[in-house]
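J.: When you get a sec, could you give me coordinates for this:
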Amino acid sequence: MAQGLTSVIVLAVIVEILTEVLKTLLPVIQGNMCRYAAALIGIGLALSARIGIFDAVGMPVSNQFLDYLVTGLLISRGSNLIHDIMSRLEDRHSTPV
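T.: From the prediction side, this is the model:
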């Protein structure tokens, strides 16, 4: 589980970096266009790397593409969001019910 979560965080950092580079190269990309670009980059990386957040936390999903799509959208929001989600998931798994 930890290796999969680490991979998701690494992808989120890569998306942030690539989005910043893209904004520098193409200053016309601002606002919503920047978010769309980050989403496309995130989904593309998740699909290419075949890394899904549901798989990383051990939740079976019948449609693997859906896992990659959700993961791509999450990582497009940045590494801080992913870190917060992972922290909450880890707290949930370590807390006895």
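
J.: Now for this protein, the helix or strand with the poorest mean pLDDT.
T.: Counting by mean pLDDT, DSSP states H and E, the weakest-scoring helix or strand in the chain turns out to be helix 79-94, with a mean of 68.

J.: what about the helices in the chain?
T.: Remark: helices assigned in the chain by DSSP state H are 2-25, 31-49, 53-56, 64-76, 79-94.

J.: With mean neighbour count added, can I get these in a markdown table?
T.: Quick note: C-beta positions are derived from backbone N, CA and C, even for glycine. Written out in a markdown table, the entries for the helices of the chain read as follows (neighbours: other Cβ atoms under 10 Å):
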| stretch | mean neighbour count |
| --- | --- |
| helix 2-25 | 16 |
| helix 31-49 | 17 |
| helix 53-56 | 20 |
| helix 64-76 | 20 |
| helix 79-94 | 13 |
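
J.: Can you tell me which of these has the worst average pLDDT?
T.: Across the helices of the chain, the stretch with the lowest average pLDDT is helix 79-94; it has a mean of 68.

J.: Report the contact partners of the most centrally placed residue in the chain.
T.: By Cα atoms, centre = their mean, the mean C-alpha position of the chain lies nearest to I75, the distance being 2.1 Å. I75 makes contact with V8, L11, A12, V15, G42, L45, A46, I82, according to Cβ atoms under 8 Å, 6 or more residues apart in numbering.

J.: Can you add distance to V28 and give these back as JSON lines?
T.: Below are these laid out as JSON lines (distance: Cβ to Cβ, whole Å):
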{"residue": "V8", "distance to V28": "30"}
{"residue": "L11", "distance to V28": "26"}
{"residue": "A12", "distance to V28": "25"}
{"residue": "V15", "distance to V28": "20"}
{"residue": "G42", "distance to V28": "20"}
{"residue": "L45", "distance to V28": "23"}
{"residue": "A46", "distance to V28": "26"}
{"residue": "I82", "distance to V28": "28"}
